[in-house]
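Chemist: make a model of this:
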Amino acid sequence: MRTGSGSSSALAAVLLPKADGAVKASGGTLQLAHLCHAVVAPKVEERLRITLRDVRLPDDTSDIRCKAYVGPLSAVVEGPEGRPDKGRLREVRLEISGGAAAAELDLGVPAPQEPWAIRVKFYHRPVAALFTQEKVAEAVEVVPRPASVIDLSPGGSAVLEVLRIVPATARAALRQAAGMVLGRAIQLGVEPDDVEDLCRGAQELGPEALSEPPVAEALERAADLVKVEVVRRLLKAGVKATTAAARAAEKVGSPEAIALGCELFRLSDPAPGTEGVPIVDRALDEQLPLVAERLLQEHPELLDELPPKGGQAAVKAYNASAWSVLAAMLLRGDPAPLPIVQLLDYALRAGHVQLARACLVRSEGMESMQSAIHTCLDNGRTEIVREALEAQWRFRIQQWSDNSGPPLLALECGPADEPAECGVCFEPLHNCPGVFLCESGVRACVHFCCLDCAEH
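Modeler: All right, here's what the predicted structure looks like:
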């Protein structure tokens, strides 16, 4: 936990159920330099070991004394009138000798369960006022902490180490608690730096600590909240990406959330028996349609890893509701899982433009598309109707010989070597869809032009 973090008050609210009673320490101990007091094993007593060395003060230190006040961070920095709330703090005296001092403090079962801090005060007693403490320097730091240099105010420095001494038998309980606190901290919206610190503390409990189920749930919660930086800090710390976390992100549905879901799915381990299965195929199997679509959008070559298999690939995309994946399969010629007219009708109703376009390319006659086009018009999708007409025109072009035109221009074609032309670009009209047709199927005037010229 960083001292002075803006999220300290939020993280301070991450409390586990209060413990009543205690278990005495026995056997070996854990010496924790990073795991904060928001993570506590129920009914387990602890000690705090405080070590100072290389103390350098700005004034004469011949009669210097030192006290430390330990307790909740809020009591150290947010007490009455900006001073420490000593009623909520534990006090210990450190005897300085040769610029060093050490002491241990019995905490019992640490409470409250939130981030703690230490206030170290250096002072001396003037000869003329032996009951007066004249402060020389002080420092406030979050605990526990590994041995490192701290700056004293108004000047000076020292090396401070504060360790939690916990029975080794509490390791399993602390692992569970760490995952629970991590999840609650994420829910409260603490900063990524604080999440990173919690992970660093959990790592002191062994490599398995970040594999506990509560930690996996914390990752899912971060994904569900689309806390991208928090997710990345968790992954960097060693938390394993999961398909469940990818699904949590995908359900949000925003572009940022889908991208996060893709990132998590790429890093997650395949389900047993699916090792070596192409990633888009796995996403379809896991019913992650938006992830599958995003993967294919970013890497179109992944489609080559999904052979048609007689239409099985298209059926899988259809069952997963991965519409843009299905569209890509239809465009490459895969058998459709349903009659094209039914797919087109659904695509138009649901607004899946990419799938609608793929269906239009595969349509073979206007007669079979009448109902779908009416559906499109009823839903205000006029741009799809135009694309439908263009698709039909281009389909029929392939059926004409080089110099012949479509039936609707037969009355105007004249000699076979002089097909009707666009009045602007003078290209044969049967090479490009035309506009300005009258009810009888011929052009309304001699200025009948092709679509390209009409649009420009």
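
Chemist: residue boundaries of the strands in the stretch 1-150 of the chain?
Modeler: 29-32, 46-56, 65-72, 90-94, 101-108, 116-124, 134-143, 145-151 (DSSP state E, counting those that start in this stretch).

Chemist: out of the ones you listed, nearest to Ala202?
Modeler: Among the strands of the stretch 1-150 of the chain, strand 29-32 comes nearest to Ala202, with 10.3 Å by CB to CB. Using the backbone N, CA and C atoms, a C-beta is placed for each residue, glycine as well.

Chemist: quick revisit: tabulate the strands of the stretch 1-150 of the chain (TSV), appending mean neighbour count.
Modeler: Converted to TSV, the strands of the stretch 1-150 of the chain look like this (neighbours: other CB atoms under 10 Å):
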stretch	mean neighbour count
strand 29-32	18
strand 46-56	18
strand 65-72	21
strand 90-94	15
strand 101-108	15
strand 116-124	23
strand 134-143	18
strand 145-151	13
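
Chemist: and those strands as a markdown table, adding mean pLDDT and distance to Pro192?
Modeler: Listed next are the strands of the stretch 1-150 of the chain as a markdown table, based on pLDDT from 0 to 100; distance: least, CB to CB, whole Å:
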| stretch | mean pLDDT | distance to Pro192 |
| --- | --- | --- |
| strand 29-32 | 94 | 22 |
| strand 46-56 | 94 | 28 |
| strand 65-72 | 93 | 23 |
| strand 90-94 | 93 | 31 |
| strand 101-108 | 94 | 29 |
| strand 116-124 | 91 | 21 |
| strand 134-143 | 90 | 17 |
| strand 145-151 | 95 | 20 |
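
Chemist: out of these, nearest to Gly253?
Modeler: strand 134-143 (38.4 Å).

Chemist: tilt between the closest one and strand 145-151?
Modeler: Relative orientation of strand 134-143 and strand 145-151, computed by axes from the mean of the first three to the mean of the last three CA atoms, to 10 degrees: 140 degrees.

Chemist: residues touching strand 134-143, excluding its own?
Modeler: With CB atoms under 8 Å, 6 or more residues apart in numbering as the test, strand 134-143 has contacts from 1-3, 36-37, 48, 57-59, 61, 64, 70, 73, 76-77, 115-126, 150-156, 158, 160, 162.

Chemist: what residues are up against Pro154?
Modeler: Pro154 neighbours (CB under 8 Å, 6+ apart): Pro58, Ala137.

Chemist: ok, and the closest non-adjacent residue to the spatially most central residue of the chain?
Modeler: For the chain, the residue nearest the mean C-alpha position is Val228 (3.5 Å; CA atoms, centre = their mean). Nearest non-adjacent residue to Val228, counting by CB to CB, 6 or more residues apart in numbering: Leu260, 5.6 Å away.

Chemist: buried sites along the one helix or strand the one you found maps to?
Modeler: Using DSSP states H and E, Leu260 maps to helix 255-267. In terms of neighbour count (16 or more other CB atoms under 10 Å), helix 255-267 has its buried residues at Ala257, Ile258, Ala259, Leu260, Gly261, Cys262, Glu263, Leu264, Phe265.

Chemist: mind putting those in a markdown table, pLDDT and distance to Ala454 included?
Modeler: As requested, these are exported to a markdown table (pLDDT from 0 to 100; distance: CB to CB, whole Å):
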| residue | pLDDT | distance to Ala454 |
| --- | --- | --- |
| Ala257 | 97 | 42 |
| Ile258 | 97 | 38 |
| Ala259 | 97 | 39 |
| Leu260 | 97 | 44 |
| Gly261 | 97 | 43 |
| Cys262 | 96 | 41 |
| Glu263 | 96 | 45 |
| Leu264 | 97 | 48 |
| Phe265 | 97 | 46 |
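
Chemist: out of the residues you listed, which comes closest to Ala283?
Modeler: Out of the buried residues of helix 255-267, the member with the shortest distance to Ala283 (by CB to CB) is Phe265, at 6.3 Å.

Chemist: check contacts around the residue nearest to Val228.
Modeler: Shown in contact with Leu260 (CB under 8 Å, 6+ apart): Ala223, Val226, Val228, Val231, Ala249.

Chemist: pLDDT-wise, which helix or strand of the chain ranks last?
Modeler: helix 8-11 (a mean of 46; mean pLDDT, DSSP states H and E).

Chemist: thinking again about what came up before, taking the contacts of Leu260 one by one, which sit in helices?
Modeler: Of the positions in the contacts of Leu260, Ala223, Val228, Val231, Ala249 sit in helices, assigned by DSSP state H.

Chemist: distance of the second one relative to Leu234?
Modeler: For Val228, the distance to Leu234 (CB to CB, to the nearest Å) stands at 11 Å.

Chemist: now swap in the first one and tell me
Modeler: Ala223 sits 9 Å away from Leu234 when distances are taken as CB to CB.

Chemist: for the last one, same thing?
Modeler: For Ala249, the distance to Leu234 under the criterion CB to CB works out to 13 Å.

Chemist: neighbour count winner among those two?
Modeler: Ala249 (31 against 28; other CB atoms under 10 Å).

Chemist: my guess is the more buried one meets Ser268, correct?
Modeler: No: taking contacts as CB atoms under 8 Å, Ala249 lies outside contact range of Ser268: 11.5 Å.

Chemist: what residue ranges in the chain are flagged as low confidence?
Modeler: The chain contains residues with pLDDT under 70 at 1-27, 60-62, 126-132, 364-370, 374, 377, 382, 386, 388-420, 429-448.

Chemist: mind listing what Asp334 touches?
Modeler: By CB under 8 Å, 6+ apart, the contact set of Asp334 is Pro308, Gly311, Ala313, Ala314.

Chemist: what's the closest non-adjacent residue to the second one?
Modeler: To tie it back to what came earlier, the one meant is Gly311. Pro335 is the one closest to Gly311 (CB to CB, 6+ apart), at 3.4 Å.

Chemist: wouldn't the one you found be in contact with Ala313 here?
Modeler: No: look at Pro335 against Ala313 with CB under 8 Å: they stay out of range, at 9.4 Å.

Chemist: show me which of those two is the more surrounded one.
Modeler: Taking neighbours as other CB under 10 Å, Pro335 and Ala313 compare with Ala313 leading, 23 against 14.

Chemist: for the helix or strand harbouring that one, name the packing helices and strands.
Modeler: Assigned by DSSP H and E, Ala313 falls within helix 312-319. Under the contact criterion of 3 or more CB pairs under 8 Å, 6 or more residues apart in numbering; DSSP states H and E, helix 312-319 touches helix 279-285, helix 323-331.

Chemist: show residues contacting the longest one.
Modeler: Taking contacts as CB under 8 Å, 6+ apart, the residues outside helix 323-331 that touch it are 280, 284, 289, 292-293, 296-297, 300, 303, 306, 308, 313-314, 317-318, 336-337, 343, 347, 350, 352, 354-355, 357-359, 361-362.
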